[in-house]
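1. just a sequence and a predicted model for now, questions to come.
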There are 2 protein chains.
Amino acid sequence: MKRTKAVDCLGKIKEKVSLKGWVANIRDHGQLFFIDFRDWSGIIQVVVNAPEGSQLHRLVSSLRKEWVVEIRGKVVKRTNKMVNSELETGKIEIQAEEVIVINKSKAIPFPLDNDGKKIDESLRLKYRFLDLRRQRLAKIMKLKHKYILAVRNWMDRNGFTEIITPLLTSTSPEGARDFIIPSRIHKGKFFVLPQAPQQFKQLLMVGGVDRYFQIAPCARDEDPRADRHAGVFYQIDMEMSFPSIDEIFQTAEKLMKDTYKSVAGGKRLVNYPFPRISYKEAMEKYGSDKPDIRFELELQEMVNLIKDKSELRIFNQAESIRLIVIPKGVEFSKKDIDNLERKAKELGAKGLAYAKVLNGSLESGISKFFEKALKQKIVKISRAKEGDLLLIMADSKKMTSKVMGQIRKVLAQKLDLVNDKELSFLWVTGFPFYEINEEGELDFGHNPFSMPKGGIKNLEEKQALEIESYQYDLVLNGYELASGSIRNHQPETLVKAFEKVGYGRKEVLEKFGGMYEAFQYGAPPHGGWAIGIDRLLMLLLDEDNIRDIYAFPKNSNGVDLLMNAPSPVGKIQLKETGIKLAKVKNAKKKGK
Amino acid sequence: MKRTKAVDCLGKIKEKVSLKGWVANIRDHGQLFFIDFRDWSGIIQVVVNAPEGSQLHRLVSSLRKEWVVEIRGKVVKRTNKMVNSELETGKIEIQAEEVIVINKSKAIPFPLDNDGKKIDESLRLKYRFLDLRRQRLAKIMKLKHKYILAVRNWMDRNGFTEIITPLLTSTSPEGARDFIIPSRIHKGKFFVLPQAPQQFKQLLMVGGVDRYFQIAPCARDEDPRADRHAGVFYQIDMEMSFPSIDEIFQTAEKLMKDTYKSVAGGKRLVNYPFPRISYKEAMEKYGSDKPDIRFELELQEMVNLIKDKSELRIFNQAESIRLIVIPKGVEFSKKDIDNLERKAKELGAKGLAYAKVLNGSLESGISKFFEKALKQKIVKISRAKEGDLLLIMADSKKMTSKVMGQIRKVLAQKLDLVNDKELSFLWVTGFPFYEINEEGELDFGHNPFSMPKGGIKNLEEKQALEIESYQYDLVLNGYELASGSIRNHQPETLVKAFEKVGYGRKEVLEKFGGMYEAFQYGAPPHGGWAIGIDRLLMLLLDEDNIRDIYAFPKNSNGVDLLMNAPSPVGKIQLKETGIKLAKVKNAKKKGK
């Protein structure tokens, strides 16, 4: 008898069917048993009428959760009263005629009939083969597949060719550590896993490929971070030749617009085409280069207005005085304000001042330090309205950005300004080409293969930190989703760009010789972007744990608890690949 | 002005267009220049009428091959006489009005206007970014993309979910060496790249995934071989739960039938549904477990008929006497037959006998050693016809299989029996579960996770070499294309199967603990296959070099000549990952 999937029974009312799958749950009502039967399509209720003492009764009594069974029976409509609206198949059930045990199961270590979020994650990962039976996880896997396929078909329809680039390659400066792989055939040498197909996609452009894309694995040996799957994650990677910046942006915009509904029909795209904002303006208005613009609460810089206008030393010494207007904020209690100040201090602020907008001026809080004229000016310039509350903070620009950017997000949550149904994309452009890194050295701000604005001339003549790049980020609901740029396709500009962060020409040629050489042979102007799939799916599917986007994730410490990876390898394997383990401690000196 | 692709000009006759791409060739006819202009879509002829002394003339005179240009001009029909039928755009050309140089190119190291097969491959690989501009390579990349996308959509339409499995995992016994990756965070431990997602796809079945597929990278640290891309290659990997063997076969059959035309419209599928043959019968009839059945020339075993019926010692000692009937073979010259014998000897035969079928009996060659009755019996049993030629070889069964299997293929070429337009698939089933490996030890014949026929009972009771597996290969035109099996989903059967090749229970649990554990929790019966994409595409696209199926292949020695991989890594990277290079020679002892 041909197998029918649970959900397909909806189209087979009154027919006889055979189902194969799992006992999700079983309830014993004497001679009536109710089985929640589960397969990959979903769950359906099976009713078994088994007179006590019958063989069927004995068999069904013995069933336990997660046993594998075949159910043969008839699809029937439930009476209106018995409809279960929470179940896709809730209007029907199976009247079982035969129950066959295909395989048994040990008692399961955790329940599978909830979303699993409260279960110890280590346990869930160790038993991932069970966890995947959970409806939430199964749904993610199905939608992830549907979404990526929709992306592939969209890219194809729009003239892009998917090209697979190598997994075993050489080093690339994406800013993270490489995973290295000793070569057995060429001892002493190593392959590395690609941190991104950056160089390959640029070489494809030189190779005449017009529009390339790939669902590309990116391997980065990073310390654990919450927003990226440990080890390997995936990007929608795209590159096009002879592009205008508008074409590059439109590709992402249309792709996002045309595909999100395949998995997130309940969401709504606001702001289309996606707005663009400069890095500078984003930092000014939102204190962040990845602002969530589903709500306003913009930061306002008031340093020119307020500095030296009062006796507050902290204000008079400040590089920046940022202000947020909270509409109707006078309703905030003292405790509310204290909580905000505590949050600000946690983030590094020395304090967080406030003032209420009342009677056309400022009252309470910090207002007593300001003269009347200043108070009125602040109200006017900030466009605050009667009954609003002002939050004010003074510090370095970097610190007011950081703290007030966060306070803005805290306020949005508190005021319930965030609409979960909205997808609000935003381009951030004009990033600095260079920045000072954590070691205090000049370093690339973003992708070193971006074109610096003004090209080699600016590299030679301008202050490094003043050079902007043709680099852009795509932000979705406050998360950095994608990064891209118009690339630097001129070999001498490339060498010069690297020289400024301390690479010699020889070193550049050693590391990126393939690119440098390629750019001599008719390289077309080109550019593109890469969109992080995990983060995108999390936002589309309202998931909050990046590991749940993967069938078999590493845990937050980079370990696969199911497959026990990483694990020790044998001496023979080490010897064959020409490596030894470094001793963690010095061996004890032998006496004589 | 919006860019138009070369081939899209076909729909824009009399329109003004802007093309951006490369100068594939340029011919100077005085004031008339003919440019073969190339972009990713194809090639189009551009005619530039540039009066001598004009600025345009100076510019166009300076153009060299592979410069990047923009051409602005008008699309015009060619006169009938000037149509170039070898070019997709051969009925039109561009009358250039403006030529803009976008980028220059150094002189290219090899021509790009041929198929490139005669050019030194090392050079082609070093300059792969140029080689990809070659029309043959560009076509492969485009069709590979189209084909894989067609496969993905087919799988989706047929209820399969693509699930990405980890790249960083632990060891798996696929019979090749693992690539190992030292863990920086967990020093002394290693990840390995998956040789195939075998364990993961089985775990997905346990996880309730009904029908899984993946275009899966498989990484194997093998010594160079001609039929597999070095390092990493790709498979269409599939697994389904609760399958019948027919469902598994039909999935591959329908997939192949429904997708090949998207890239190989000129080919024809013969034999559908695909025929099935047992391993034993394949070895008997074709001397091969991957026979090409586009032609007959079957081997016939004559040992029972011929042995001890003559005074030929070599025949009387033989385990096997194999015969091939060559239709109308009496026309073969002595030299033809000598060549075949030489080939047989190269393959290890002691000799290759022949006899002509004439006058209802055998004449010449070996026939003089046979009595009349025997000769007539041989003719009758072999169903040879008047004018046929018999080739006969005696040796061990293994040797006659090997040699006569090859001779069969040589004959097919010589007799022109192979139709290149035919795709002839064949299932080979019933492989032995175990075999004796090259070290003379009992080993798995194929996939160790296959179900042995008769299950644990046969493992306990039968001679190991007599146990068959639920294992099947899919053969296309004489090449092994896919391998699959019904899996062993019973934990104790799994342990037992491994025990017989020398793994202790502890070792099995150490290596495949995840699988062993998973099978305790309601594992469904399951099975699947994996189809090698490279080989399939080679056969569909009539390509003969597996490296050309990849955009950036390793050379036959496993080296990426363009990216210079593998390459040495720095001391810091070694230290961070907790490994040292083993010294190739012992360090000299320091005197003292």
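-> Now that the structure is in, tell me what you want to look at.

2. going by secondary structure, residue A:113 is in what exactly?
-> Take DSSP states H and E as the rule and residue A:113 turns out to sit in neither a helix nor a strand.

3. give me the pLDDT for it.
-> pLDDT recorded at residue A:113 is 94.

4. what does the one 4 residues further on give?
-> The predicted local confidence for residue A:117 comes out at a pLDDT of 97.

5. so residue A:324 sits in a strand?
-> Yes: Residue A:324: assigned to a strand according to DSSP: H, G, I helix; E, B strand; the rest coil.

6. once you drop chain neighbours, what's closest to it?
-> Of all residues not flanking residue A:324 in the chain, residue A:391 sits nearest, at 4.7 Å (Cβ to Cβ, 6 or more residues apart in numbering or on different chains). No exception for glycine: its C-beta is placed from N, CA and C like everyone else's.

7. okay, now the one you found: neighbour count?
-> Using other Cβ atoms under 10 Å in any protein chain shown, residue A:391 has 27 neighbouring residues.

8. surely it meets residue A:326?
-> Yes: counting by Cβ atoms under 8 Å, residue A:391 touches residue A:326, with 6.7 Å between them.

9. so where do the helices sit in the stretch 201-350 of chain A?
-> Counting by DSSP state H, counting those that start in this stretch, the stretch 201-350 of chain A has helices at residues A:245-259, A:279-286, A:303-306, A:313-316, A:334-346.

10. which parts of the last one are buried?
-> Judged by neighbour count using 16 or more other Cβ atoms under 10 Å in any protein chain shown, the buried positions of helix A:334-346 are A:336, A:337, A:340, A:341, A:343, A:344.

11. who is residue A:443 paired with across the strands?
-> Here residue A:443 sits in beta bridges with residue A:435, as judged by DSSP bridges.

12. what is the burial count for it?
-> Close neighbours of residue A:443, defined as other Cβ under 10 Å, add up to 16.

13. contacting residues around it?
-> Residues in contact with residue A:443 (Cβ atoms under 8 Å, 6 or more residues apart in numbering or on different chains) are A:434, A:435, A:436, A:437, A:501.

14. residue A:558 now?
-> By Cβ under 8 Å, 6+ apart, the residues touching residue A:558 are A:224, A:230, A:231, B:183, B:185, B:186.

15. phi first, then psi, for the closest residue to the fourth one other than its chain neighbours.
-> Closest residue to residue B:183 in three dimensions, ignoring its sequence neighbours and counting by Cβ to Cβ, 6+ apart: residue A:566, at 4.0 Å. Note on residue A:566: its backbone torsions stand at phi -70, psi 160 [degrees, to the nearest 10].

16. surely residue A:566 meets residue A:559?
-> Yes: with contacts counted by Cβ under 8 Å, residue A:566 reaches residue A:559, the gap being 7.3 Å.

17. out of these two, which sits in the more crowded spot?
-> Neighbour count, other Cβ under 10 Å: between residue A:566 and residue A:559, residue A:566 has more, with 27 against 22.

18. where's the closest residue to residue A:271 other than its chain neighbours, which helix or strand?
-> Taking Cβ to Cβ, 6+ apart, and ignoring the residues beside it in sequence, residue A:271 has residue A:424 as its nearest neighbour in space, at 5.7 Å. Assigned by DSSP H and E, residue A:424 belongs to strand A:422-429.

19. that strand vs helix A:279-286, what angle?
-> Angle between the axes of strand A:422-429 and helix A:279-286 is 140 degrees (criterion: axes from the mean of the first three to the mean of the last three Cα atoms, to 10 degrees).
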